[in-house]
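# 3D, please:
(2 chains)
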Amino acid sequence: MSTTVTLSTMAMEDTLMRLIWAAAILGVGIGLYWAANRWTLRRSRVRVRQDSFLPKGKPVILYFTTPTCMPCKTIQRPALQRLKDQAGEKLQVVEIDASQQPEVASRWGVLSVPTTFIIDGKGDPKHVNHGVAPYEKLQKQLKDLL
Amino acid sequence: MTGSLQKIDHSALKTSQVTIILVNILAFVLNMPWLAALVALVMLLGTLFKVPGFGFIYKYVLKPLGWVKPYVLLDNDAPHRFAQAFGGTVMLAGSLALYFGLATLGWGLVWMVAALAALNAFGGFCVGCAVYYWLGRLHMPGFTQMPPAGTIPGMRPRLEEN
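Prediction:
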């Protein structure tokens, strides 16, 4: 009886240790992803100063898309339109067609579409979203900027 | 060189990669090497049948339910197959190492495949594809496809289905 209990406790301890290891490895992975995002943002700060097409003085969402990108049409654009409707003149959305302006997309480090950059009124990029960013996420990212 | 490009649904690839990550983590946490062997088998069978190993989850469950939408890009299929074959072989080596009691090596290989799958699924960079293109540059026989125009070798292309 006590041998069974000891074995069961050992198995549980082993699973717990493995869970901790898995969490630690995942943590490192998420940390690296976060660091890569920070690096993209830091790099894009230089781009903001170079790119004259970005309006100054109000928050901007820089949105990279292509004409045939389905998630852009079905999710990303409606989400951006909803935000624009709510914020009105306080927010500017700048759309870039990555297939028409590949050099701009490359300069900003855009590797896939949709990609959205959230830039504050001072021209400082605050967030980058690789892939679809739902309305709720964008709203949260814009909360302190509007 | 976009002549040989095909319509590739990257949602199927991504579903397969995410499943590989999840099953590998589960195999490690629950200490079930047979799960790692199952992943190896599915990946190698997928390569044989020229489909993403766990793509059937997308095809028969996620897509019909509308939970994951198709994301069709003009891309090469051979580099993805090569990447899957490479991943499957590493998983097989990991499973064998676990079978022979080499836990650190075995789980290390399993985690490596999970990490590379994560890089592909969330970062859009396919290491196996990059290796394929690199071997092509070295004129290795069989590695004939070139990256889509304007795409960094291994990166997800921006060129979409027209």
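
# could you name the helices and strands sitting against the helix-or-strand element of chain B with minimal mean pLDDT?
In chain B, no helix or strand scores lower on mean pLDDT, DSSP states H and E than strand B:72-75, which sits at a mean of 85. Where contact means 3 or more C-beta pairs under 8 Å, 6 or more residues apart in numbering or on different chains; DSSP states H and E, strand B:72-75 is packed against strand B:6-9, helix B:10-29. Heads up, the C-betas are built off the backbone N, CA and C, glycines and all.

# burial count for B:Ile57?
Using other C-beta atoms under 10 Å in any protein chain shown, the number of residues around B:Ile57 comes to 17.

# what's the answer for A:Leu138, then?
20.

# quick one: the residue lying closest to B:Lys50 once chain neighbours are set aside from A:Leu62, how far?
Distances taken as C-beta to C-beta, 6 or more residues apart in numbering or on different chains put B:Arg81 closest to B:Lys50, at 6.3 Å, once the chain neighbours are dropped. From B:Arg81 over to A:Leu62 the distance is 36 Å, taken as C-beta to C-beta, to the nearest Å.

# more neighbours: which of these two?
Using other C-beta under 10 Å, the more surrounded residue of B:Arg81 and A:Leu62 is A:Leu62, with 25 against 19.

# secondary structure class for the nearest residue to that one once chain neighbours are set aside?
Closest residue to A:Leu62 apart from its sequence neighbours, by C-beta to C-beta, 6+ apart: A:Phe117 at 4.2 Å. Applying DSSP: H, G, I helix; E, B strand; the rest coil to A:Phe117 yields a three-state assignment of strand.

# what bridges to A:Phe117?
Per DSSP bridges, the residues bridged to A:Phe117 are A:Leu62, A:Val128.

# quick check: phi and psi on B:Met146?
Main-chain dihedrals, B:Met146, degrees, to the nearest 10: phi -110, psi 150.

# quick revisit: so the residue nearest to A:Leu62 sits right up against A:Gly123, yeah?
No. The pair A:Phe117 / A:Gly123 is not scored as a contact, 11.1 Å apart, by C-beta atoms under 8 Å.

# separation between the residue of chain A found nearest chain B and B:Trp67?
Proximity of chain A to chain B (C-beta to the nearest C-beta) peaks at A:Thr68, 4.3 Å away. Going from A:Thr68 to B:Trp67 by C-beta to C-beta gives 22 Å.

# what's the least confident stretch among the helices and strands packed on strand B:72-75?
Confidence, taken as mean pLDDT, is least for strand B:6-9 of those (a mean of 90).

# contacts for it next, please.
Contact with strand B:6-9 is made by B:Tyr58, B:Pro70, B:Tyr71, B:Val72, B:Leu73, B:Leu74, B:Asp75, B:Asn76, B:Asp77, B:His80, B:Glu161, as judged by C-beta atoms under 8 Å, 6 or more residues apart in numbering or on different chains.

# of the residues you listed, buried ones?
Neighbour counting by 16 or more other C-beta atoms under 10 Å in any protein chain shown classes B:Tyr58, B:Tyr71, B:Val72, B:Leu73, B:Leu74, B:Asp75, B:Asn76, B:His80, B:Glu161 among these as buried.

# for the residue most central in space within chain B, which non-adjacent residue is spatially closest?
For chain B, the residue lying nearest the average C-alpha position, counting by C-alpha atoms, centre = their mean, turns out to be B:Gln84 (4.2 Å). Sequence neighbours aside, B:Thr47 is the residue nearest to B:Gln84 in space, at 5.0 Å (criterion: C-beta to C-beta, 6+ apart).

# quick one: that neighbour and B:Gly88 touch, right?
Yes. Using C-beta under 8 Å, B:Thr47 is in contact with B:Gly88, at 6.1 Å.

# what sits in contact with each of the two?
Common neighbours of B:Thr47 and B:Gly88 (criterion: C-beta under 8 Å, 6+ apart): B:Gly53.

# what about the helices in chain A?
Along chain A, counting by DSSP state H, helices occupy A:2-50, A:70-71, A:77-87, A:102-107, A:135-142.

# and those: which comes nearest B:Leu92?
Of all the helices of chain A, helix A:2-50 sits nearest to B:Leu92, with 21.4 Å by C-beta to C-beta.

# on that earlier part again, A:Phe117 and A:Gly123: who's more crowded?
Using other C-beta under 10 Å, the more surrounded residue of A:Phe117 and A:Gly123 is A:Phe117, with 25 against 16.

# residues contacting the more buried one?
Applying C-beta under 8 Å, 6+ apart, we find A:Phe117 in contact with A:Ser44, A:Val60, A:Ile61, A:Leu62, A:Trp108, A:Pro125, A:His127, A:Val128, A:Asn129.
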